[in-house]
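> here are the coordinates; sequence isn't available:
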């Protein structure tokens, strides 16, 4: 094998992988892998699964120990992220070793763990910045750190106006396309000014280019002064990606940041479409032809609900259990006891209005918009980083299932709004595993109501390509449609305005055909697994130019209807920016007397509704 050069992909983590020492002929000694090692290497239910493979190793005959050891070594090394797939792996391994046919497990595509591939970069050697772009910018240089290691320094002096200095390089697209990648960089910072947005500041980021446009996964909310630490994030790189770039630097700020030892590791693969599609009735959780409605503001009145159901003729509401704003609010700082007190008050209010919803014919999705712990500055749900909040999440869903298991006007439970997990803490479940555990607990209490799952991150349509279906009865899958985000959210959080639809956004033309393309992963998922789809949110800001918002909503709804998806517009009598009762002037915060085309569009579709 040729020697590894810096900046090139290194095989299996950059270190030679030790080969398993096979037992002597006749079943001699064999190196011992302890269950404790497996449990510290993998998380919670993954550790239990690995332990079962250890038991196979310990209890098997000498003839079986060598192949089991090799498989276990592979299993521990890659730290699998898909429980269902690796349950199939363990079962298939056992069956194969005994000469039996392995049982089929829904959603499992391979019996082997995905290979881990690393790409490592440092700044040592005679030409440390070779292959990087932007290195001629002022404030970019390679220096020696306190340990006499060569590291990258990027500096914007405090006396200067806040701005951006970044360098970037291309990564091997063929190696990473179709994979979920963990990106880790060592960094330290000094006096990095808090930037205007959490996505500014210290930048360790990928740009992923492809037919769907650009994605910019990164580590958010990094600024201030800190010693050497790891910045880490997960990036999902679609199969059809055409280019991948790595960016390091500072954005919209001043200060100094040092970088060293950047590593990219494949942790999972994009799902592959099954060769055979299941058939038969699709579980929806209701018997109506379609649910068409809205998400509602947290303080709607009984009269508001009657108007929505009896006058507008909506037959569905998404009831958001939200504490303050989104994505941040008081839950970010609340302990579990305070969170439970808040939730109890919200559920009491829901109980008071349930008779009104029955009267108005409004089928309810119970949406946990604010999970226990809220979110950290990077907008990641804190329940993926602190065990007390993950435990509280499971407890409150058990409580709500017991409370509403016999309530017929409730359609389903949306477990968490727009989950963002980041990299879960040690011993904590990732989103899919947590969703499985939560759904199992609910099903032990309530077999009636639909359980609604959104993929991470953010319930994005493309995220379903990375979310294997869950083998639990009564699941509905949900996404939110705000693409392209610069159009739907123009003028929000300082985003530029004046973006029309149909029209160009960041160099790509968006029209109904493009929206259909963006929603294709959802359509594929629906057909691949014979599941029901629910669009839990979609909207466009009311001050988009001309009738752009109306045209966008019209195109979205027509696609939803063509594909048979239930949907909820965002939102009814919540923030005025999303209101169809308000006109296009952002300064006007009162409803207009003449119905907008956006409102008439909803009323046209609501008129087709059947009531429960």
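All right, it came through fine. All figures in this text were calculated on a predicted structure; none of them were measured in a lab.

> pLDDT at residue 500, what is it?
Residue 500 is assigned a pLDDT of 98 by the prediction.

> I figured it was touching residue 543, is that so?
No: if you go by Cβ atoms under 8 Å, residue 500 and residue 543 don't touch, sitting 11.8 Å apart. Just so you know, the C-beta spots here come from the backbone N, C-alpha and C atoms, and that holds for glycine as well.

> setting aside sequence neighbours, what's the nearest residue to residue 240?
residue 210 (5.0 Å; Cβ to Cβ, 6 or more residues apart in numbering).

> er, residue 215 actually
residue 208 is the one closest to residue 215 (Cβ to Cβ, 6+ apart), at 4.3 Å.

> beta partners of that neighbour?
residue 215, residue 244 (DSSP bridges).

> hang on, it packs against residue 242?
No: using Cβ under 8 Å, residue 208 is not in contact with residue 242, being 9.0 Å away.

> OK, contacts around residue 460?
479-480, 483 (Cβ atoms under 8 Å, 6 or more residues apart in numbering).

> cool, and residue 264?
The contact partners of residue 264, by Cβ under 8 Å, 6+ apart, come to 118-120, 171, 176, 181-184.

> rewinding a little: so what pLDDT did the residue nearest to residue 215 get?
Note on residue 208: pLDDT of 96.

> compare residue 500 and residue 543 (neighbour count), which wins?
Just comparing residue 500 and residue 543: by other Cβ atoms under 10 Å the higher neighbour count belongs to residue 543, 20 against 17.

> element containing the spatially closest residue to that one that is not a sequence neighbour, please.
Distance criterion Cβ to Cβ, 6+ apart; nearest residue to residue 543, sequence neighbours excluded, is residue 586 at 4.5 Å. For residue 586, there is no enclosing helix or strand under DSSP states H and E.

> show me where the stretch 101-250 of the chain has its strands.
118-121, 140-144, 150-156, 163-171, 179-192, 201-210, 213-215, 224-237, 243-253 (DSSP state E, counting those that start in this stretch).

> for residue 582, which three-state class applies?
With DSSP: H, G, I helix; E, B strand; the rest coil as the basis, residue 582 sits in coil.

> quick one, phi psi at the residue nearest to it when sequence neighbours are not counted?
Spatially, and ignoring its direct neighbours in sequence, residue 582 is nearest to residue 576 (5.2 Å; Cβ to Cβ, 6+ apart). With angles defined as degrees, to the nearest 10, residue 576 sits at phi -60, psi -20.

> I'd like to know how far residue 576 sits from residue 237.
According to Cβ to Cβ, to the nearest Å, residue 576 stands 38 Å off from residue 237.

> neighbour-wise, which of the two wins?
More crowded of residue 576 and residue 237, by other Cβ under 10 Å: residue 237, with 24 against 14.

> show me the domain layout of this structure.
According to automatic domain parsing, the chain comprises the domains 32-114, 118-269, 292-482+511-606.

> distance to residue 285 added to these, as TSV?
Listed next are these as TSV, based on distance: least, Cβ to Cβ, whole Å:
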stretch	distance to residue 285
domain 32-114	19
domain 118-269	28
domain 292-482+511-606	3
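
> wait, residue 354 sits on residue 407?
Yes: with contacts defined as Cβ under 8 Å, residue 354 counts as touching residue 407 at a distance of 6.8 Å.

> thinking again about what came up before, and the residue nearest to residue 582, what does it touch?
542, 582, 589.

> list of residues touching the helix or strand harbouring residue 356?
Element membership for residue 356, per DSSP H and E: helix 336-360. When contacts are defined by Cβ under 8 Å, 6+ apart, helix 336-360 is touched by residues 298, 302, 305-306, 308-310, 317, 319, 321, 323, 330-331, 334, 364, 366, 372-373, 388-389, 391-392, 396, 400, 403, 407, 409.

> still on that earlier bit, quickly list what's touching both of residue 208 and residue 242.
Common neighbours of residue 208 and residue 242 (Cβ under 8 Å, 6+ apart) do not exist.

> neighbour count for these two, which is higher?
Using other Cβ under 10 Å, the more surrounded residue of residue 208 and residue 242 is residue 208, with 24 against 11.

> quick check: the gap between the more buried one and residue 353.
44 Å.

> and residue 405, by the same measure?
Applying Cβ to Cβ to residue 405 and residue 353 gives a distance of 19 Å.
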